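[1] Sequence below, structure please.
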Amino acid sequence: LLVGPAAVVVACSEDDAAPAVSVDAVPDASVLGLDVTSGVDAGADFVDARPACAPLAATGHTKLSETGLYEDIGAKQVACDVIPFEPEFKLWSDAAEKKRWVRLPPGTTIDTTDPDHWVLPVGAQLFKEFSLNGKRLETRLVERVGGTGQPSKDYFLGAFVWNDDESDADFVPAGAENVRGTPHDVPAAGQCLTCHLGEPGRALGFSALQLSHDGVLEDLHARGLLAALEPKRVPGSDRERSALGYLHANCGHCHNVNGSAWPDTQMVLRVGYGEASVTDTLLFESTVGVALQSFSQPGVTKRIAPG
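    Have a look, this model is predicted:
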């Protein structure tokens, strides 16, 4: 992927302020293609290998200790059915270190019918912890709490800010700034959909493409979370993969047909599972050599000038 001198890339980090998206303005699930089933039949040879743990906590969490992430929050021991994972391409977060976990209710699976848009079963949870220089700052939670087909009712999205002794973290619906004396800001709950709107299943960085590395897909299948999927990586040379992967992770959640940036740009900045070459990606086709639509500057005529 060769980017000419006229190309401009504006990166958004997770700490950037973003306008709140009203959940009442979110399109109906049918518009987004949201499947509200609790999972799919993974096949006759499918075995749920998850241990039997305590039931998932009820919703309406005010503290992180109420969510079920930790078996012992004081010792930072996660529950026995909480599974760590790491996407191949990370969303830049102003140098914050991150840990990620997924948790599914017993007997459920992830619907991977569309490899690019996984749908979590009701009761599933995704956690992401942010820390800086060894100091825990916040833990974010995406939890599917219903199957009504109405995004405003089916998902909990919010952040919990750690207290100074790190004994627990409090839900902060209004967000927070300069958390624990650092430059790290936490978005308000109403801002979450600004980015998560572009993914029908509301999970970012958790897809077949992002987990097709180092045996992650195979491990999740062995643990009973999903049906077997063939790993397929971002195409291209190391340099091209790095460029495409960065755009996919940092820009693709807004720049896609469901994303908040689509009405203004009609530009796809994500890579699809199975796109076999750089020039076959929708990312390439919607940017390289394509005339500018909204941006205006003398002498600049293309989104990305080939060359």
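[2] Now do the strands in this protein.
    70-72, 77-78, 83-84, 97-103, 125-132, 135-144, 155-162, 169-171 (DSSP state E).
[3] Tell me who's in contact with Ser212.
    Residues near Ser212 by C-beta atoms under 8 Å, 6 or more residues apart in numbering: 88, 231-233, 273. All C-beta atoms are positioned from the backbone trio N, CA, C, and that covers glycine.
[4] mind checking how far it is from Pro115?
    Distance, Ser212 to Pro115, by C-beta to C-beta, to the nearest Å: 9 Å.
[5] For those two, list the residues in contact with both.
    Listed as contacting both Ser212 and Pro115 by C-beta under 8 Å, 6+ apart are 232, 273.
[6] Show me where the stretch 101-250 of the chain dips below the pLDDT cut-off.
    Under the criterion pLDDT under 70, no range of the stretch 101-250 of the chain is flagged.
[7] what's around Val288, how many residues?
    A count of neighbours around Val288, defined by other C-beta atoms under 10 Å, yields 21.
[8] From Arg270, how far out is the residue lying closest to it once chain neighbours are set aside?
    Among residues not flanking Val288 along the chain, Ile304 sits closest, at 4.7 Å (C-beta to C-beta, 6 or more residues apart in numbering). Distance from Ile304 to Arg270, counting by C-beta to C-beta: 15 Å.
[9] out of these two, which sits in the more crowded spot?
    Neighbour totals were compared for Ile304 and Arg270, and Arg270 leads with 25 against 20 (other C-beta under 10 Å).
[10] and which of the contacts of Ser212 is nearest Ala189?
    The shortest approach to Ala189 among those belongs to Glu88, at 28.1 Å (C-beta to C-beta).
[11] I'd say Ala174 and Ala188 touch.
    Yes. Distance between Ala174 and Ala188: 5.2 Å, which falls inside the contact criterion (C-beta atoms under 8 Å).
[12] So between the two, which is more surrounded?
    Neighbour count, other C-beta under 10 Å: between Ala174 and Ala188, Ala188 has more, with 16 against 9.
[13] what sits against the more buried one?
    20, 172-175.
[14] Give me the common contacts of Ala174 and Ala188.
    Common neighbours of Ala174 and Ala188 (C-beta under 8 Å, 6+ apart) do not exist.
[15] Can you get me a residue count around Glu240?
    Glu240 has 17 neighbouring residues, counting by other C-beta under 10 Å.
[16] Relative to Pro87, how far out is it?
    Going from Glu240 to Pro87 by C-beta to C-beta gives 18 Å.
[17] And Gly272, by the same measure?
    From Gly272 across to Pro87, the span is 16 Å (C-beta to C-beta).
[18] try Gln150
    From Gln150 to Pro87 the distance is 28 Å (C-beta to C-beta).
[19] Those two: which is more packed in?
    Pro87 (21 against 16).
[20] That one reaches Ala208, doesn't it?
    No. Using C-beta under 8 Å, Pro87 is not in contact with Ala208, being 11.1 Å away.
[21] of all the strands of the chain, which lies closest to Arg223?
    So among those, strand 83-84 is nearest, using C-beta to C-beta, at 6.3 Å.
[22] mind checking how far the closest one is from the chain centre?
    Centroid separation between strand 83-84 and its chain, computed with C-alpha atoms, centre = their mean, to the nearest Å, is 15 Å.
[23] Over to stretch 171-181?
    For stretch 171-181 - counting by C-alpha atoms, centre = their mean - the centre lies 20 Å from the chain centre.
[24] Make 41 the first number, not 1, from now on.
    Sure, I'll start numbering at 41, so the last one becomes stretch 211-221.
[25] So which residues make contact with it?
    101-104, 175, 177-178, 198-202, 204, 224-231.
[26] Same question for stretch 117-130.
    With C-beta under 8 Å, 6+ apart as the test, stretch 117-130 has contacts from 90-91, 93-94, 108-111, 138-144, 146, 167, 245-246, 249-253, 256, 260, 263, 265, 273-274, 285-286, 288-289.
[27] do the same with stretch 285-299
    49, 51-53, 72, 127-132, 234-240, 244-245, 249-250, 274, 300-302, 305, 307-311, 323.
[28] What residues of that stretch count as buried?
    The neighbour-count check on stretch 285-299 (16 or more other C-beta atoms under 10 Å) flags 285-296, 298-299 as buried.
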